[in-house]
Structures are given as C-alpha cells and as structure tokens.
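**Q** here's my sequence, what's the structure:
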Amino acid sequence: MNKIYLEISKLSDKFRTMCYGLTNDKEQVDDAVQECMLYFLQMNPETLKKIYNKDGLDGITRYAAVVLRRSLTSVRSPFYYKYKKYYTHIDKFSSDITYNLQVEEKDQKKHLYNIPEEIVENIGFKKLDKIDAALGEMYWYDRKVFELYYYESNTLDSLAKKTGISRNSLFTTIDKVRTLLKELLNE
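**A** Sure thing, here's the model as predicted:
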C-alpha cells in the first residue's frame, strides 16, 4: 500500500493542473488537491488496490479527476462544507464591511472583529442540562442505549455487535427515547 500512496503523492502537480480547468483560485486548488489526497488515504485499501492493479496510475488519475470535479463543483461535497461554505460567508461579510466604511451601528456589532466583545447566551447548555436530567429519570436500559449511541458515536450495527442486542431493538429504544426528549424540549 505504501508504494501506491507514494505513487499518488507524485501526482499532486497533475491534480493541480486538472483543478485549474475548474477554478483559478490557487488556494482553492491547493485545498482541493489536499482533500483529494486525504480521500485516497481514507479510501478502502482494497478498492484502491483494485483500481491501481487494473489501470495503474491512469486509473488513479481518472478517479482523482472525478473527486476533484465533485469537490470544486458540488455543494454536497466535504470540500464545500470544509472550505467554500465557511470561508465564502466570512469573505463576503468582511468585504461588505471594507467597501462600506460608514456602516450602521447595528452592523458593526456583527463584524468579525467584534465577536469576542459580544456576550452570547448559550441556550445549548441549558438544553443539554434538560436532556441529562430527563435521561437521569428514564429507565436504566433506555438511558444506557441512548448514551452508547449518541455520546460514544456508535452506529446501530457496531452497537448491535458490541452489546449482542438486535439492531431493530436498539433502533426502537433509541427512537422512543428521542421522541420523549423532543416532547420534553418542546414544552
């Protein structure tokens, strides 16, 4: 596998060239290529071996072309959520402030540089306290299954394997607790 990863790392310049067909922003290109490399590292090793053994570096390049195109054009790609969506809003907001030097008083409070001065009441902690209190009053089995699923970030399948409880039973329990918590928080 290390041989394949080394070969992929040598293709980074080729990946950058492919990106310039979609955007001219150098930072976006660098970020997209980095995300593509990360994609290959997180990819199933068996699938990557199949692609490499079947088509060699040409197959890897074609696969990367699809990943890069999706990264730079799709609003559902992980690249969009990591880079474009977040930084686009910050850039838009800061450029609005820069071009309009005489900003109204209420808009100045929202400026990026004034965020530490704002006091924001965090309602999320109050809701979390309510959730913890409600879980404390529930039956131990329901509480424990819910905690294992949400707090330890288990999937239903992995939780079923760990506990030996059927997936459907776990889903029913989690759904029941979730419904009770929604009713409690909507009061």
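**Q** quick check: next helix or strand after the helix or strand where Leu128 lies?
**A** Assigned by DSSP states H and E, Leu128 belongs to helix 123-137. Toward the C-terminus, helix 123-137 is succeeded by helix 140-150 as the next helix or strand (DSSP H and E).
**Q** got the domain ranges for this structure?
**A** 2-81, 123-185 (automatic domain parsing).
**Q** on that earlier part again, not counting the helix holding Leu128 itself, show me its contacts.
**A** Here helix 123-137 makes contact (Cβ atoms under 8 Å, 6 or more residues apart in numbering) with Arg143, Phe146, Glu147, Val177, Leu180, Leu181, Leu184, Leu185. C-beta: built from backbone N, CA, C; applies to glycine.
**Q** give the contact list for the first one.
**A** When contacts are counted by Cβ under 8 Å, 6+ apart, Arg143 is found next to Leu135, Gly136, Val177.
**Q** measure the last one to Gln28 for me?
**A** Between Val177 and Gln28 the computed distance is 43 Å (Cβ to Cβ, to the nearest Å).
**Q** the more surrounded of the two?
**A** Val177 (22 against 18; other Cβ atoms under 10 Å).
**Q** quick check: which element contains that one?
**A** helix 167-185.
**Q** same deal with Ala160?
**A** Assessed by DSSP H and E, Ala160 sits inside helix 156-163.
**Q** roughly how far is that helix from the heart of the chain?
**A** How far helix 156-163 lies from its chain's middle: 23 Å, per Cα atoms, centre = their mean, to the nearest Å.
**Q** can you name every helix or strand that that helix contacts?
**A** Counting by 3 or more Cβ pairs under 8 Å, 6 or more residues apart in numbering; DSSP states H and E, the packing neighbours recorded for helix 156-163 are helix 140-150, helix 167-185.
**Q** now for these, which one comes closest to Gly56?
**A** Among the helices and strands packed on helix 156-163, the nearest to Gly56 by Cβ to Cβ is helix 167-185 (40.5 Å).
**Q** and the angle for that closest one with helix 140-150?
**A** The directions of helix 167-185 and helix 140-150 differ by 90 degrees, with axes from the mean of the first three to the mean of the last three Cα atoms, to 10 degrees as the criterion.
**Q** can you pull out the residues in contact with helix 167-185?
**A** 127, 130-131, 134-135, 138, 141-143, 145-146, 149, 156-157, 159-160, 163.
**Q** rerun that using 7 Å as the cut-off
**A** Contacting residues not belonging to helix 167-185 are listed as 127, 130-131, 134, 138, 142, 145-146, 149, 156-157, 159-160 [Cβ atoms under 7 Å, 6 or more residues apart in numbering].
**Q** of the residues you listed, closest to Asn2?
**A** Asp157 (30.2 Å).
**Q** appreciated, that's everything.
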